[in-house]
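J.: Okay, predicted coordinates and the sequence, questions at the end:
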Amino acid sequence: MGSELAHFALVDVNNFYVSCERVFQPRLERVPLVVLSNNDGCAVARSSEVKALGVRMAAPWFELKDLAAKHGIKALSSNYTLYGDMSERVVSILRDFSPDIEVYSIDESFLRIDTVLHLYPSSLALGELIRGRIRQWTGLPVCVGMGGSKTLAKLANHLAKKHAVFNGVCDLNALSDEVVRHWMRATDVGEIWGVGRKLSLRLKAMGMQTVWDLRCASLKTLRAQFGVVMERIGSELNGVSCLELEEIVPDKQQIIASRSFGRAVTSFEELAESVATHIARACEKLRAQHSVAAIAQVFVQTNRFKLNEPQYNPSIAIGLAEPCDDTLVFTDAAIAGLRRIFKAGYRYKKAGVMLGAISAKAKQQQGLFDDTAMQQRSAALMRVMDALNTRFGKRAVHSAAMGNTMGWGMRSENRSPNYTTQWDELPFVK
DNA sequence: TCTGGGGTCCTAGGACCC
DNA sequence: TCTGGGGTCCTAGGACCC
């Protein structure tokens, strides 16, 4: 059960990927800029100038080319190494402000602040301090939203972003009831955290257009019509905190690695190389959280946007006799699976793998007939492989199945240097 | 030519058991 | 003639998030 005293802050970097790029290329400031998804497919981050042009989230880049030419929109490929590193810097700054922090996503963290507010003149003063320090130490602009539940903090953050009057910091707890009502009435119900497209339509069909309408709905009705999730949202909007801060990151229950191809792929051999590559990445993630998995699922897909091409999207799950974390074991299993679902004659666009039935390696049961010597060899080999790949680059040591050419690899035509993580890519100041 | 990737939670319904 | 009901586990699918 939540506490009535709970007071949360949500700190969110504005246009995160775009802002990261601008830190290292200040000449991109005020230039309409998008960062593209993997394979240079969609605009997954947009600068404010681009948003103002009406470009929606995940708009396909090829559809934007005309608009881009007209308004001088610049596009960068995504550089997740850079964003991940910048993200860690922001989080380490936030930890100085509160010991209770949930890193919710690469650009957002929740903080419990009722425990530290006595150290500051006001919640707004704290918010401004956070904003200022992150800007000064990383160059990134953030907004801070605060409220009596995580849902309210999210809402406050949305208001802080959208409305200049807040100057980047909004605490719903510091506003009068009338003012809160005004903003809730002015905000579409679809902006609430947890209310997506479908639920938004259903709520509106029932006469709930704004945040305020939902806030005033009876919890019983919400429970009956929508289930426990919406009931919780209703409570949270009323300042009753139901969602705890999740400070400990739980182990993944499922690990996915997949990519679209840079071009259509037709041969079994190339599909197998990509599947082996994805398995290697998935198993690295598995070992990083000290887990083992018992199921590997393999899938391949044709291009769902090519309506005139024959479609085929099979998947297959392969169970292992013993859960393990060995890339080579999973590679064999996955390729065997691929062999069973592969059909010639299709133009494949994407392949991927999913590891499931994941458990902690430390709790692994020893089987009666396990080959202990074999297991030790496997563990040693994986340790060496991970160490070499960390030190010398991702594909320094890899299974033969992964191949060497990567002809199917993704497009990434305009990626910025790894300014903060590679010595030879550090920015120069002339 | 060109359309991302990776996750979670909840619910409904079927299989199975006693 | 008369043909239960409740519990658990698992899976698929839907909805959401960034």
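T.: Thanks, I have it. Numbering: from 1, shown residues only, chains lettered A, B, ... in the order given.

J.: all contacts plus neighbour counts: C-alpha atoms, from now on.
T.: Fine.

J.: ok, now which ones touch the residue of the stretch 251-400 of chain A found nearest DNA strand B?
T.: Nearest residue of the stretch 251-400 of chain A to DNA strand B: residue A:259, at 2.9 Å (Cα to the nearest atom of the strand). Going by Cα atoms under 8 Å, 6 or more residues apart in numbering, residue A:259 touches A:38, A:350, A:351, A:352, A:410.

J.: Report the entries of these that also contact DNA strand B.
T.: A:38, A:350, A:352 (Cα under 7 Å from any atom of the strand).

J.: what bridges to the last one?
T.: This points to residue A:352. residue A:258, residue A:299 (DSSP bridges).

J.: Output the contacts of residue A:259 as a markdown table; include the columns neighbour count.
T.: Shown next, in a markdown table, are the contacts of residue A:259 (neighbours: other Cα atoms under 10 Å):
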| residue | neighbour count |
| --- | --- |
| A:38 | 20 |
| A:350 | 23 |
| A:351 | 24 |
| A:352 | 23 |
| A:410 | 16 |
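
J.: neighbours around residue A:27, how many?
T.: When neighbours are counted by other Cα atoms under 10 Å, residue A:27 registers 9.

J.: measure it to residue A:21 for me?
T.: Distance, residue A:27 to residue A:21, using Cα to Cα, to the nearest Å: 10 Å.

J.: same check, this time on residue A:234
T.: With Cα to Cα as the criterion, residue A:234 and residue A:21 are 38 Å apart.

J.: buried sites along the one helix or strand residue A:271 maps to?
T.: If you go by DSSP states H and E, residue A:271 is part of helix A:268-288. Within helix A:268-288, the residues that count as buried by 16 or more other Cα atoms under 10 Å are A:270-287.

J.: Counting by contacts, list what the stretch of helix or strand residue A:127 belongs to packs against.
T.: For residue A:127, the host element (DSSP H and E) is helix A:123-138. Applying 3 or more Cα pairs under 8 Å, 6 or more residues apart in numbering; DSSP states H and E, one finds that helix A:123-138 makes contact with helix A:80-95, strand A:142-147, strand A:169-171.

J.: Flag every buried residue along that helix.
T.: Those would be A:123, A:124, A:126, A:127, A:128, A:130, A:131, A:133, A:134, for helix A:123-138 by 16+ other Cα under 10 Å.

J.: same thing with stretch A:30-45?
T.: A:31-45.

J.: Just the ones of those residues in strands?
T.: A:33, A:34, A:35, A:36, A:42, A:43, A:44, A:45 (DSSP state E).

J.: residue contacts, the residue found closest to residue A:170 once you drop the neighbours it is linked to in the chain?
T.: Excluding its sequence neighbours, the residue lying closest to residue A:170 (Cα to Cα, 6 or more residues apart in numbering) is residue A:145, at 4.9 Å. By Cα under 8 Å, 6+ apart, the residues touching residue A:145 are A:9-11, A:153-160, A:169-172.

J.: just to revisit the earlier point, to residue A:320, which of the helices and strands packed on helix A:123-138 lies closest?
T.: Nearest to residue A:320 among the helices and strands packed on helix A:123-138 is helix A:80-95 (32.1 Å), distances taken as Cα to Cα.

J.: list the helices and strands the closest one packs on?
T.: With contacts taken as 3+ Cα pairs under 8 Å, 6+ apart, helix A:80-95 sits against helix A:16-24, strand A:101-105, helix A:123-138.

J.: Quick check: phi and psi on residue A:289?
T.: Backbone torsions of residue A:289, given as degrees, to the nearest 10, read phi -100, psi 20.

J.: measure residue A:427 to residue A:421 for me?
T.: Residue A:427 is 11 Å from residue A:421, by Cα to Cα.

J.: Flag the shaky bits of the stretch 101-250 of chain A, pLDDT-wise.
T.: Applying pLDDT under 70 to the stretch 101-250 of chain A flags no residue at all.
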